[in-house]
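Engineer: I would like to see how this sequence folds:
(chains A and B)
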Amino acid sequence: MAPFKLPLLSPPGFAIVAEQGEHSFVLRFRGNADMSSIEPLDDYLRAVHEEAGIHGVTSVVVDFRALEFMNSSCFKCFVEWLGKVQDLPASKRYRVIFDSNREIHWQRRSLNALRSFAMDVVTVEAR
Amino acid sequence: MQSVNENPYLEICFRPTIATVNEARRLVAALYQPLLGDADAAGRVALTTHELLENALKYSLDGTTVIRVELSRGERPSNMKIETRNLISPERRAGLEEAFEEMGRAESADAHYHHAMQRARTRRVGSGLGLARIWAEGEMTITRSYDGDEVRITAVTKIPEVK
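Structural biologist: Prediction:
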């Protein structure tokens, strides 16, 4: 598979490290997704969606285990992204697998909300 | 009169910034987790603190807000209250009223949250999810009141078992 092209994130205290697998992307989130992260996160998830289409991935793993907090505006970026995945024809759709941290309690609630919003796309795993 | 021991509270008057909203959330979680003896409840309180303070940061007319976080353990179950006060514009007040009216018409917190998420997909300004998230994820009852240009938003939840 050709290498993917994802933007670099530069807001303070927030980072995403991406890895490319054979048929998947892994996005490792770290820090705090707050008001300063909204635009970069929105741009990033748009790029992920585009690259997922180009590379024909079957899943994107979103690793939240080191994500301390995410505000509602950043949460909206995920809502938009998952909505776009849902809108794809079935043959092009990919799964979004959230890897969460049981010790960070907001994650269970927020990820359950995303799962109920996009049941056909989202899987949540807790460690 | 109730003692501070019975009603431990934290009140801060400040000009929130993105960084200090994060610090306030961490402070509230660190102070109340041992008092509540429940990490999930402390997480709900921290989430609510963050969302209310970001609203104040975005909409306070003079940039300042007062936040009060109070645990009332005189009764069972105990009450946890998170409240912000700040000045707002008439336009913001109208938007807030619309948001509260929608919540009043909703079947449940989860149904409202789901509807707000559907709408957020195409919304261009703001997320419209902050209060819905506090209601559904924070499991808070949210009310508002006004005193002139000042709005007071109060989020309350019951804490069944407090250490």
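
Engineer: got the contact list for the residue of chain B at minimum distance from chain A?
Structural biologist: When scored by CB to the nearest CB, chain B has B:G43 as its residue closest to chain A, at 3.3 Å. C-beta: built from backbone N, CA, C; applies to glycine. B:G43 sits next to A:I104, A:H105, A:W106, B:A29 when contact means CB atoms under 8 Å, 6 or more residues apart in numbering or on different chains.

Engineer: would you mind listing what in chain B touches chain A?
Structural biologist: Residues of chain B found near chain A (CB under 8 Å from any CB of the partner chain) are B:18, B:21-22, B:25, B:39-40, B:42-44, B:46-47, B:50-51, B:54, B:57, B:110, B:113-114, B:117-118, B:120-121, B:123, B:126-130, B:133, B:136-137.

Engineer: coming back round to it: for the residue of chain B closest to chain A, what is the enclosing helix or strand?
Structural biologist: Element membership of B:G43 [criterion: DSSP states H and E] is helix B:39-59.

Engineer: just after that helix, pick out the following helix or strand.
Structural biologist: Proceeding N to C from helix B:39-59, the next assigned helix or strand is strand B:65-72, under DSSP H and E.

Engineer: neighbouring strands - and their directions - for that following strand?
Structural biologist: When sheet partners are counted by DSSP bridges, strand B:65-72 sits next to strand B:9-14 (antiparallel), strand B:78-87 (antiparallel).

Engineer: in chain A, which residue sits closest to chain B?
Structural biologist: A:H105 (3.3 Å).

Engineer: residues near that residue, how many?
Structural biologist: For A:H105, the count of nearby residues is 20 (other CB atoms under 10 Å in any protein chain shown).

Engineer: got the contact list for the helix or strand hosting A:Q107?
Structural biologist: A:Q107 belongs to helix A:105-117 when elements are defined using DSSP H and E. Residues outside helix A:105-117 that contact it (CB under 8 Å, 6+ apart): A:64, A:67, A:69-70, A:75, A:78-79, A:82, A:98, A:100-102, A:122-124, A:126, B:39-40, B:42-44, B:46-47, B:110, B:113-114, B:117-118, B:133, B:136-137.

Engineer: same thing with stretch B:21-34?
Structural biologist: For stretch B:21-34, the external contacting residues (CB under 8 Å, 6+ apart) are A:13, A:32, A:34-35, A:69, B:10, B:12, B:16, B:39, B:42-43, B:45-47, B:49-50, B:53-54, B:57, B:67, B:69, B:71, B:80, B:82, B:163.

Engineer: secondary structure class for A:L6?
Structural biologist: Put simply, A:L6 is coil when judged by DSSP: H, G, I helix; E, B strand; the rest coil.

Engineer: ok so, going back, hey, C-alpha coordinates of the helix holding B:G43 in PDB?
Structural biologist: Taking Å, rounded to 0.1, in the frame of the first residue of the first chain, the C-alpha atoms of helix B:39-59 are listed here in PDB:
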ATOM      1  CA  ALA B  39     -14.500   8.000  40.100                       C
ATOM      2  CA  ASP B  40     -17.400   7.900  37.600                       C
ATOM      3  CA  ALA B  41     -19.400  10.500  39.500                       C
ATOM      4  CA  ALA B  42     -16.300  12.700  39.800                       C
ATOM      5  CA  GLY B  43     -15.800  12.300  36.000                       C
ATOM      6  CA  ARG B  44     -19.400  13.500  35.400                       C
ATOM      7  CA  VAL B  45     -18.800  16.500  37.600                       C
ATOM      8  CA  ALA B  46     -15.500  17.300  35.800                       C
ATOM      9  CA  LEU B  47     -17.100  17.000  32.400                       C
ATOM     10  CA  THR B  48     -19.900  19.400  33.400                       C
ATOM     11  CA  THR B  49     -17.400  21.800  34.900                       C
ATOM     12  CA  HIS B  50     -15.400  21.900  31.600                       C
ATOM     13  CA  GLU B  51     -18.500  22.300  29.400                       C
ATOM     14  CA  LEU B  52     -20.000  25.100  31.500                       C
ATOM     15  CA  LEU B  53     -16.700  26.900  31.700                       C
ATOM     16  CA  GLU B  54     -16.100  26.700  28.000                       C
ATOM     17  CA  ASN B  55     -19.600  28.200  27.500                       C
ATOM     18  CA  ALA B  56     -18.600  31.000  29.800                       C
ATOM     19  CA  LEU B  57     -15.400  31.500  27.900                       C
ATOM     20  CA  LYS B  58     -17.200  31.800  24.600                       C
ATOM     21  CA  TYR B  59     -20.100  33.900  25.700                       C
END
